[in-house]
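Novice: Sharing a sequence plus its predicted fold:
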Amino acid sequence: MNVHFIAIGGSAMHNMAIAMHKKGFHVTGSDDEIFEPSKTRLAKLNLLPAKEGWDVNNIHEGLDAVILGMHARVDNPELLKAQELGLKIYSYPEYIYEQTKDKTRIVVGGSHGKTSITAMILHVLHYNKIDCDYMVGAQLEGFDTMVKLTKEATIAVIEGDEYLSSPIDRRPKFHLYKPYIAILSGIAWDHINVFPTFENYVEQFSIFVDLIEKDGALIYCELDEQVKKVSEKGRGDIKKYPYAIPAHVIRNGTSYLITDSGKEVPLLVFGDHNLMNVNGARMVCNQVGITDEQFNEAIQSFKGAAKRLELVKKNESTAVYKDFAHSPSKLKATTQAVKKQFPDRKLIACMELHTFSSLNENFLKEYNGSMALADEAYVYYNPHTIEHKKLKPITEQQVNQSFGGSNLKIYTNSKLLLEDLLKHDFTNKNLLMMSSGNFDGIDFKELGEQVVK
């Protein structure tokens with residue numbers, strides 16, 4: 001099979017290119033800019049394009065498939081040539097489905113928790129030596145790539161993102177996977193640039209539920225009002241299994257699951273959100289033959305997905321965490337988790353407004369109260385990022401009014417934020433850094449080491 005990737009340098013795209021290469025396909029690709037770590041990883045397997053840019057000579061009738069990444073535009077010369085030749089053009093999710101259509105597909109959907117739940121399921125299957133294909137949105141410990149596609153595996157675990165599939169396919173990615181087993185973790189309005197109203201956003205999840213294969217299963221979080229509504233309205237020919245926060249206890253900063261027999265299972269992850277994720281992952285694993293005992297043994301060694309409440313550094317009286325949280329619901333859940341896990345420590349929470357939605361003046365009000373549980377809250381945004389996204393400028397006063405509370409301070413200079421953070425005495429305090437970016441270049445590892453000194 002000859003496959004060409006238009007925009008091969010993307011995080012998801014380069015991982016799929018590597019997966020197809022490992023499957024024995026002949027892979028080529030192009031992109032107008034490729035950054036690390038994609039560049040080194042592609043070069044190691046001789047998949048890095050000889051030069052940056054688009055070249056219509058890459059497109060020819062000998063190609064079995066062309067995979068189109070989101071970074072490409074609708075007028076991309078290679079795309080236009082592929083269309084002219086009548087070649088098979090797939091979006092990233094379409095090709096994932098194409099490669100897994102004969103397998104038992106597990107699809108993890110929801111506005112939050114997708115990566116963590118997918119990672120938990122993969123960890124447990126891997127621990128129990130059950131081979132599976134997968135696609136996950138973060139690099140996981142013990143897994144070489146974020147995508148694996150094989151001939152042999154009979155199970156595929158897929159993180160089901162609700163963002164758009166490709167420049168020429170405006171369907172949400174998770175509408176293309178058609179799961180046998182689906183899990184829905186939560187619905188909280190996001191991607192305002194694509195789904196302009198909350199109702200329109202919720203509708204995408206209803207469509208997702210309708211696309212579950214006949215006689216399939218839906219595991220859903222019954223504590224989320226919207227998820228419960230969407231799930232209960234689902235077709236009668238699918239099995240439905242609600243889940244909530246499992247029985248647990250917290251001692252000395254460690255959470256323990258309490259089993260039906262009263263046994264305590266120590267976890268390396270924490271917070272109500274993660275406990276719900278663990279419960280949902282357990283019920284998914286039950287569907288493919290993993291017993292609760294097998295699950296509980298495996299989950300004890302799960303450290304969490306990268307940037308999902310990830311421990312950066314700690315000492316006896318301080319811990320520094322970083323988290324991918326950027327939407328209002330995620331900020332609230334993550335802040336609450338750290339505060340509840342360490343009730344005797346003060347919490348300093350920092351977040352960066354970085355996504356299209358978070359920097360939109362119409363969406364800002366959704367953040368009201370989202371960091372109220374922090375003892376001190378810092379919000380950072382870069383006005384240049386707003387310019388780059390071609391959005392209307394926002395003011396520090398707007399941000400302050402939107403978040404609300406007396407614990408808040410706004411920054412537009414990340415160096416000044418860092419300086420102010422390091423003035424603290426962090427004895428009996430935790431630091432939580434939340435962003436889908438990196439606060440314009442903050443080295444989290446170095447920050448963590450300075451904080452715990």
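Specialist: Everything's here; your move.
Novice: Which helix or strand in this protein has the lowest average pLDDT?
Specialist: helix 383-388 (a mean of 87; mean pLDDT, DSSP states H and E).
Novice: so how far is it off the chain centroid?
Specialist: 24 Å (C-alpha atoms, centre = their mean, to the nearest Å).
Novice: Tell me the helix or strand right after that helix.
Specialist: Next in sequence after helix 383-388, counting helices and strands by DSSP states H and E, comes helix 396-403.
Novice: Buried residues, that next one. List them.
Specialist: Within helix 396-403, the residues that qualify as buried are 399, 402-403, counting by 16 or more other C-beta atoms under 10 Å. From N, CA and C alone the C-beta is placed, and that goes for glycine too.
Novice: Equivalent analysis for stretch 93-102, please.
Specialist: 93-97, 99-100.
Novice: Just the mean pLDDT for stretch 183-197, thanks.
Specialist: Mean pLDDT, taken over the full extent of stretch 183-197, equals 87.
Novice: actually stretch 116-131, sorry about that
Specialist: Confidence over stretch 116-131 (mean pLDDT, whole number) is 96.
Novice: Output that stretch as CSV - backbone C-alpha positions only.
Specialist: Listed next in CSV are the C-alpha coordinates belonging to stretch 116-131 (Å, rounded to 0.1, in the frame of the first residue of the first chain):
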residue,chain,number,x,y,z
SER,A,116,-7.0,10.1,30.7
ILE,A,117,-9.7,7.4,30.2
THR,A,118,-8.1,6.2,27.0
ALA,A,119,-4.7,6.0,28.7
MET,A,120,-6.2,4.0,31.6
ILE,A,121,-7.9,1.5,29.3
LEU,A,122,-4.6,1.0,27.4
HIS,A,123,-2.6,0.7,30.6
VAL,A,124,-4.9,-2.1,31.9
LEU,A,125,-5.0,-3.9,28.5
HIS,A,126,-1.2,-3.7,28.2
TYR,A,127,-0.8,-4.9,31.9
ASN,A,128,-3.0,-7.9,31.1
LYS,A,129,-1.1,-8.6,27.9
ILE,A,130,-4.1,-8.0,25.6
ASP,A,131,-2.9,-6.7,22.3
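Novice: helices or strands up against the least confident helix or strand of the chain?
Specialist: Contacts defined by 3 or more C-beta pairs under 8 Å, 6 or more residues apart in numbering; DSSP states H and E place helix 383-388 against no helix or strand at all.
Novice: In CSV: the buried residues of stretch 93-102, plus pLDDT.
Specialist: Below are these laid out as CSV (pLDDT from 0 to 100):
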residue, pLDDT
93, 96
94, 96
95, 96
96, 97
97, 97
99, 96
100, 97
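Novice: and of the residues you listed, the nearest to residue 439?
Specialist: residue 93 (30.6 Å; C-beta to C-beta).
Novice: check contacts around that closest one.
Specialist: Contacts of residue 93 were listed using C-beta atoms under 8 Å, 6 or more residues apart in numbering, and they are 165, 173-174, 176-177.
Novice: go again using 10 Å as the cut-off
Specialist: Residues in contact with residue 93 (C-beta atoms under 10 Å, 6 or more residues apart in numbering) are 12, 135, 158, 160-161, 163-166, 169, 171-177.
Novice: what's the answer for residue 445, then?
Specialist: Counted by C-beta under 10 Å, 6+ apart, residue 445 has contacts 312-313, 320, 322.
Novice: Same question for residue 128.
Specialist: 285, 288-291, 294-295, 297-298 are the contacts of residue 128 under C-beta under 10 Å, 6+ apart.
Novice: Go again with 7 Å.
Specialist: By C-beta atoms under 7 Å, 6 or more residues apart in numbering, residue 128 lies in contact with 290, 294, 298.
Novice: Wasn't residue 409 part of a helix?
Specialist: No: the secondary structure assignment for residue 409 gives strand rather than a helix, going by DSSP: H, G, I helix; E, B strand; the rest coil.
Novice: correct me, but it touches residue 378?
Specialist: Yes: applying C-beta atoms under 7 Å as the test, residue 409 and residue 378 come out as touching, 5.3 Å apart.
Novice: ok so, going back, TSV for the buried residues of stretch 93-102, including secondary structure?
Specialist: Rendered in TSV, the data for the buried residues of stretch 93-102 read as follows (three-state DSSP):
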residue	secondary structure
93	helix
94	helix
95	helix
96	helix
97	helix
99	helix
100	helix
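Novice: Out of the contacts of residue 93, which end up buried?
Specialist: In terms of neighbour count (16+ other C-beta under 10 Å), the buried residues within the contacts of residue 93 are 12, 135, 158, 160-161, 164-166, 169, 172-177.
Novice: pLDDT of stretch 37-56, averaged?
Specialist: Across stretch 37-56, pLDDT averages out at 96.
Novice: domains for the protein, by residue range?
Specialist: According to the domain assignment given by automatic domain parsing, the chain is divided into the following structural domains: 2-87, 95-299, 310-451.
Novice: ok, back up a step: give me the contacts around the least confident helix or strand of the chain.
Specialist: Taking contacts as C-beta under 7 Å, 6+ apart, the residues outside helix 383-388 that touch it are 354, 359, 393-394, 412.
Novice: So which of these wins on neighbours?
Specialist: Using other C-beta atoms under 10 Å as the contact criterion, the top neighbour count among these goes to residue 359, which has 23 neighbours.
Novice: correct me, but that one touches residue 389?
Specialist: Yes: checked against C-beta under 7 Å, the pair residue 359 and residue 389 is within contact range at 6.3 Å.
Novice: Redo the buried residues of helix 396-403 as JSON lines? Include distance to residue 105 and pLDDT.
Specialist: Listed next are the buried residues of helix 396-403 as JSON lines, based on distance: C-beta to C-beta, whole Å; pLDDT from 0 to 100:
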{"residue": "399", "distance to residue 105": "41", "pLDDT": "94"}
{"residue": "402", "distance to residue 105": "39", "pLDDT": "94"}
{"residue": "403", "distance to residue 105": "40", "pLDDT": "94"}
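Novice: Quick one: distance of the longest helix along the chain to the chain centre.
Specialist: When the chain is scanned for its longest helix (criterion: DSSP state H), the result is helix 272-287. Helix 272-287 has its C-alpha centroid displaced from the chain centroid by 16 Å (C-alpha atoms, centre = their mean).
Novice: Check which helices and strands that helix is in contact with.
Specialist: Contact here means 3 or more C-beta pairs under 7 Å, 6 or more residues apart in numbering; DSSP states H and E; on that basis helix 272-287 packs against helix 114-127, strand 181-184, strand 217-221, strand 239-243, helix 292-299, helix 328-341.
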